[in-house]
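Engineer: Sequence isn't available, so here's the structure alone:
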């Protein structure tokens, strides 16, 4: 357990650092939006291209990782939909609850994956990105189209498909896997450049997560945030455990599934809720709740899977 704690502690310390910097305004608030865009469109894609280009797609574990995470996420999504009549929520609030139950913050997973297993861990985690990110985007947008307080020009599921196709993390994974599959190299200049850019992604992304924590919205929505967090950080990992076992995953592959399954709610959920008529303050509170609780649950699940 000490080894796991030592690997995860820098992750949460960087999140705390980001919150502290934002709270006391050591850096102007205008820094964070461009930093997030730089990470999303440049730094993390660079990291993913390098790591996924080294992945062994011929491994029997690849389909197991993808299948376990895809199925666990889909089952929890169906469970959340089943609970809708019982929650007594207005429709816009339910859309944020739904996102809170299934959308993972991939940024939080990449740092421990790299610290635990290096590029091999990042490559395996990228399989989870390809399996889950398109699914949760399509499901979330569909739910928002049906129940969100929509407005003219709001995204539709078909627009979501096009957005997924342009998602820089998904595109980077596909590029990297393609390079590896055809045994291609980016050369002695581009590869080091991408390595340098990729390393910069890790601290900036996690501090941006911390800067986005919103405690007033958490306090205002604490009970509902708690219910969504139970689905995201307890039910989904438990299902992933069962499915990973069924797919006969073991060792590093099993632990990667559990790491990805235990990730807190994605910060992009807030943006999507605000854009498509969801309950944005509720989404902000859920993001804060799941990020804080994940400090404990991620550690416990990974220790149990070791």
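Structural biologist: On my side now, so go ahead. These numbers were taken from a predicted model, which means no experiment stands behind them. Numbers count the residues shown, from 1 in each chain.
Engineer: any idea which element residue 284 lies in?
Structural biologist: Using DSSP states H and E, residue 284 falls within helix 280-305.
Engineer: And residue 66, by the same measure?
Structural biologist: helix 61-87.
Engineer: Which residues are in contact with the residue lying closest to residue 207 once chain neighbours are set aside?
Structural biologist: Nearest non-adjacent residue to residue 207, counting by CB to CB, 6 or more residues apart in numbering: residue 18, 3.2 Å away. (Glycine included, C-beta is placed from N, CA and C.) Residue 18 makes contact with 206-212, according to CB atoms under 8 Å, 6 or more residues apart in numbering.
Engineer: now residue 18: how far from residue 302?
Structural biologist: The spacing between residue 18 and residue 302, counted by CB to CB, to the nearest Å, is 22 Å.
Engineer: Over to residue 217?
Structural biologist: Here residue 217 is placed at a distance of 28 Å from residue 302 (CB to CB).
Engineer: Over to residue 99?
Structural biologist: For residue 99, the distance to residue 302 - CB to CB - is 24 Å.
Engineer: Pick out whichever of these two has more residues nearby.
Structural biologist: Taking neighbours as other CB atoms under 10 Å, residue 99 and residue 302 compare with residue 99 leading, 30 against 23.
Engineer: Please list all residues in contact with the more buried one.
Structural biologist: Residues counted as contacts of residue 99 (CB under 8 Å, 6+ apart) are 136, 140, 143, 265-266, 269, 272-273, 278, 283, 286.
Engineer: Apply 7 Å and report the result again.
Structural biologist: Contacts for residue 99 were tallied using CB atoms under 7 Å, 6 or more residues apart in numbering; they are 140, 269, 272-273, 283.
Engineer: of those residues, closest to residue 13?
Structural biologist: residue 269 (23.7 Å; CB to CB).
Engineer: With adjacent residues omitted, what lies nearest to the closest one?
Structural biologist: Leaving out its chain neighbours, the residue that sits closest to residue 269 by CB to CB, 6+ apart is residue 99, at 4.1 Å.
Engineer: which SSE is the one you found in?
Structural biologist: Here residue 99 is assigned to helix 91-102, by DSSP H and E.
Engineer: following that helix, which helix or strand shows up next?
Structural biologist: helix 106-147.
Engineer: Report the rounded mean pLDDT for that next one.
Structural biologist: In this model, helix 106-147 has an average pLDDT of 86.
Engineer: Helix 280-305 and that helix, what's the angle between them?
Structural biologist: Helix 106-147 and helix 280-305 are oriented at 130 degrees to each other (axes from the mean of the first three to the mean of the last three CA atoms, to 10 degrees).
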